[in-house]
Each structure stands twice: as structure tokens, then as C-alpha cells.
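Asks: any chance you can model this:
(2 chains)
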Number of protein chains: 2
Amino acid sequence: MPRFFINPENIGETSVTIPAPDAVHIGRSLRMRIGDAITVCCGGIEYDCKIITISDNCVNCEIITSQKSLNEPDVEVTLFQAVPKGDKLDTIVQKAVELGVTRVCPVLTSRCVSRPDKNSFGKKLERLNRIALEAAKQSGRGIVPQVTELIGFDDCVKQLTANDYALVCYEGGGINLSETGLKSNSTIGLFIGSEGGFDKAEVDTCISAGSVAIGLGRRILRCETAPLAALSIIMNLTGNI
Amino acid sequence: MPRFFINPENIGETSVTIPAPDAVHIGRSLRMRIGDAITVCCGGIEYDCKIITISDNCVNCEIITSQKSLNEPDVEVTLFQAVPKGDKLDTIVQKAVELGVTRVCPVLTSRCVSRPDKNSFGKKLERLNRIALEAAKQSGRGIVPQVTELIGFDDCVKQLTANDYALVCYEGGGINLSETGLKSNSTIGLFIGSEGGFDKAEVDTCISAGSVAIGLGRRILRCETAPLAALSIIMNLTGNI
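Replies: From the prediction side, this is the model:
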């Protein structure tokens, strides 16, 4: 069933409204009709609805039932991803959303080859958030994970260690994800390096601030493979895959 | 350290030879010199060598030490992948090799949109095996995982169920990978569908032949994300990541 994400102000007690451009998409591309069933999501709640009126500006729907999205994992994972070269961040965002990430936070670390400034990153950020929205629709998420603004290393360490678990993937060695004791209903920060990985000093800073260094096995994973492998394993260890 | 894969006939008792085109690459692109250290792999054995002579035809090396590759997982996973559209199989092969797959076997299932015949798949197969070789070098594998010829569904079921564990990923439901009791030192067959997933009849056939249907959580994974998530989790559960 088609799935649309709306803002809280579009939810009434017994009805919801879906504004443009989704309204156009519903009426013209999907050719949906009055009476058709549609799923509307907001903040992790899924509303099973019936379409009442359709125009290009607005689709009105009656709420039939609503429930907490069963598709959302019970852990909140923030992926702190050092900015890789080219369009690899596109792939990482898309796959991370499918795998259940809550938030992707791009970070500049010392080994980032691609070093956009905040302004030039703005356009990229719009595209990344569109990719997150599309991936959320396609994979049946209950929320749209946000791709946040580019931050520096020091900010990242602060935000990373504010989680119940703060994990930094280090190719120089670390414990296995199975040994981290990850539990359901927790917040997890996962920090992944760019092509060159991390400087040892950066990892030491993360550890001093309370993070745990983890290893992802003996084979060298590309910087776009590592977050997907780590997320898959985290979701499995916490019973979410 | 640069890593090259050679055939058994190039290994002597105390020396190995690396033929063209790798010899050209070593001498010209990498500009390696006599006396430099180099790692040569063959069939899961790593030879730490010293370069003795360099020409465009052949690089001769003295074997310093040799050992079983520590980077190889202790499970042998064959990924039976229903052929997806476009170049997604390229991505799947590259990432699967990084994650430790032993063999990738492309399969035609009823829902494959892309339906190449064996001849037209031949050229693609060459490229896929080149991708596997490059990924094996880059990720530090001890073997070059093979991408095998395109097979039909019936052949696939036979080969799949010849493994200690035969797993078919089914979006219609199945047990969690953690419940499959996967053990180290085993052979594992993993069957993943194309964009449309599997027909129920196909899954039933797999199960009748002795496979287990597994689920990959409640979020819908793209057909190129599913094998990477499953492989990551399998490698974690068997202690290889």
C-alpha cells in the first residue's frame, strides 16, 4: 500500500490531510480514487486511512485505525559518517535508512579527502534528505530518518558519546560488535571513517571521551560497506533483524 | 602491502613467479624494485615474498614465509543471487567479496526482470569476475571468490541444499538468522531473490528440498541490500566479523 509521510499539523482527530506535492502524486501519478486505502505516517505512528477528497493541493483522508509503526526498530541508531568521496554518501544514506538508522550525521575528519564547506554541503544535504525520504517510503519505515548538517570532529565526539553506546569502527583493532553488550531500547552512536579510516589520535580521543573501538573482522571493508555491515549486525544483535 | 593472486603452477618450493599483466603492473604502475616485499596468494595460502627479478613478462620472488590466510572466514558461503536489473550485480559481487563470500552464483528465477541467456551473460560474467578479483585484492582476501555461470532455479535448489545450511530469504516470512543455529566450519548456501522477491511456489520448493526460509526484519530491503545484510549477520553469528 502506498505510504506517505506528513507533518503533525496535518493530523486531525479523525482525519488527515496530505498536501502538495504528494497530493499531485496521489491523484495523477498513482491515479488513486476516493475510497482507496492509503497509509500515512507521522513520527512513528501509522494511520490506515481512506481517501475522502482529492485535489492537486490536498488529499483529505479519514483515519480508520492508527498504531505505532511495527517496522521501526526499538533502538535509535545515529550513524556518524565521515564524508567519503563522490556519491558514496548517497548509497550509505539509502541503505542505512533501509536497515533502520534513525539519523545520519555527516562528519569532517582529518582523513576526509572530500572537504566541502557547510555552504556547498547545503545542496548535497537537500538531495541526501530526499534520498532518505524515498528510502523510508520504499522500505516501509514509520519515520523519515534525518540527514543532519555537516559537523566537525569535536562536535561529533560530543554527540556520539551522548548515546547509551558510543562505537567507533577502527581498522586498527577493537572488540567485536557481539562483545559490546548492545541492548534493545537504547540509543547507539556509530562512527565510521572515510576512505582512509581514522587517525589513531582521533580514535584515542573518542575512547577517552567514553567510546568503544570496534573491529569489523579481518577483511578490509570499503567505507561505504562498513556502515551497512555494522548496522546489519547491530540490528541483528538487538533483535531488530 | 600489495597483494597478488597467482595460479598453483607459478609456485615453486622456494620461489614464486608472477606473470603478466600483474608483472607489468608491479614494475611500471607500482614502480616496485628488486628487494621489495610483496604478498602473493594462492588457494588460501599467503606467501610473504621478496622481489628477485622484474620484467614485463614475469616477476620472480623468493618466498620468505608462508601461512594459511588469516583473513579467510572459517565458513564457506555460496550466495545464490537471482539476477537483478542494471548493474546491481556488480555492487553485490564487490561487497559480497569484501564480506567474505566464497562463491557467487547468479540464478534465473521466475520474477527476474532481467533475463539474459547464457551467451549474453558470458561477457557480464567476465566483468563480474574481474570485479571479484579487484575486491579480493583490495579487501585482503586469501582466495579470489568465483562468480559462476548463470543457472536455472532447479539447478540452484540442488546446489543450495548440498550445503550444511540452506537458507532462502523470504519477504513473506521466515525465522531470524540468529535462530538458524549456524556454526563455524560449515558450508552455507544463501538464496536471495531479485527485485520482485520470490514466488511462494519457489520458496515452497526450496523448503521441500530441505532449505530454511529466513526473514531479514520488518523493513523491506532492496535486492542489493539484502545479500549484504544477510552476509554481515552470517559472518557475525559464525564469529567471522
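Asks: which positions in chain A make contact with chain B?
Replies: Contact residues (Cβ under 8 Å from any Cβ of the partner chain) of chain A with chain B: A:70-71, A:73, A:94-95, A:98-100, A:138-141, A:176-178, A:216-222, A:225, A:228-230, A:232-233, A:235-237, A:239-241. No exception for glycine: its C-beta is placed from N, CA and C like everyone else's.
Asks: of the residues you listed, buried ones?
Replies: The neighbour count (16 or more other Cβ atoms under 10 Å in any protein chain shown) marks A:71, A:73, A:94-95, A:98-100, A:138-141, A:177, A:216-222, A:225, A:228-230, A:232-233, A:235-237, A:240-241 as buried among those.
Asks: which of the residues you listed fall in helices?
Replies: A:94-95, A:98, A:138-139, A:228-230, A:232-233, A:235-237 (DSSP state H).
Asks: next one: phi and psi at A:Thr91?
Replies: Phi and psi for A:Thr91, reported as degrees, to the nearest 10, are phi -60, psi -40.
Asks: circling back: and the furthest pair within the ones in helices among the buried ones among the residues of chain A next to chain B?
Replies: A:Gln138 and A:Leu237 (24.9 Å; Cβ to Cβ).
Asks: and chain A, what are its domains?
Replies: Segmentation of chain A into domains, based on automatic domain parsing, reads A:3-68, A:76-237.
Asks: buried deepest among those domains, which one?
Replies: Most buried of the domains of chain A, by mean neighbour count (mean count of other Cβ atoms under 10 Å in any protein chain shown): domain A:76-237, with a mean of 19.
Asks: end to end, how far does that domain reach?
Replies: For domain A:76-237, the first-to-last residue distance is 14 Å (Cα to Cα, to the nearest Å).
Asks: equivalent analysis for stretch A:31-50, please.
Replies: End residues of stretch A:31-50 are separated by 14 Å (Cα to Cα).
Asks: give me the contacts around it.
Replies: Residues outside stretch A:31-50 that contact it (Cβ atoms under 8 Å, 6 or more residues apart in numbering or on different chains) are A:1-8, A:10-11, A:16, A:18, A:26, A:51-54, A:59, A:61-70, A:72, A:141-143.
Asks: do stretch A:161-172 as well
Replies: A:78, A:160, A:174, A:177, A:180, A:182-183, A:186-193, A:197-198, A:200, A:203, A:206-207, A:209-216, A:220, A:226, A:230.
Asks: so how far is it off the chain centroid?
Replies: 17 Å (Cα atoms, centre = their mean, to the nearest Å).
Asks: what do you get for stretch A:155-166?
Replies: 16 Å.
Asks: average pLDDT for that stretch?
Replies: In this model, stretch A:155-166 has an average pLDDT of 98.
Asks: which strand or helix spans the closest residue to A:Val97 other than its chain neighbours?
Replies: Excluding the flanking residues, the one nearest A:Val97 by Cβ to Cβ, 6 or more residues apart in numbering or on different chains is A:Ala135, at 3.7 Å. Assigned by DSSP states H and E, A:Ala135 falls within helix A:118-139.
Asks: which SSE is immediately downstream of that helix?
Replies: strand A:146-147.
Asks: which strands and helices sit next to that following strand?
Replies: strand A:103-107, helix A:118-139 (3 or more Cβ pairs under 8 Å, 6 or more residues apart in numbering or on different chains; DSSP states H and E).
Asks: could those go into JSON lines alongside mean pLDDT?
Replies: Shown next, in JSON lines, are the helices and strands packed on strand A:146-147 (pLDDT from 0 to 100):
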{"stretch": "strand A:103-107", "mean pLDDT": "98"}
{"stretch": "helix A:118-139", "mean pLDDT": "93"}
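Asks: distance of the residue nearest to A:Val97 from A:Thr91?
Replies: 11 Å (Cβ to Cβ, to the nearest Å).
Asks: now do the contacts for A:Ile234.
Replies: Taking Cβ under 8 Å, 6+ apart as the test, what A:Ile234 contacts is A:Val75, A:Val77, A:Leu177, A:Leu182, A:Ile188, A:Leu190.
Asks: any idea how far A:Met235 is from the fifth one?
Replies: Between A:Ile188 and A:Met235 the distance, using Cβ to Cβ, works out to 10 Å.
Asks: what sits in contact with each of these two?
Replies: A:Val75.
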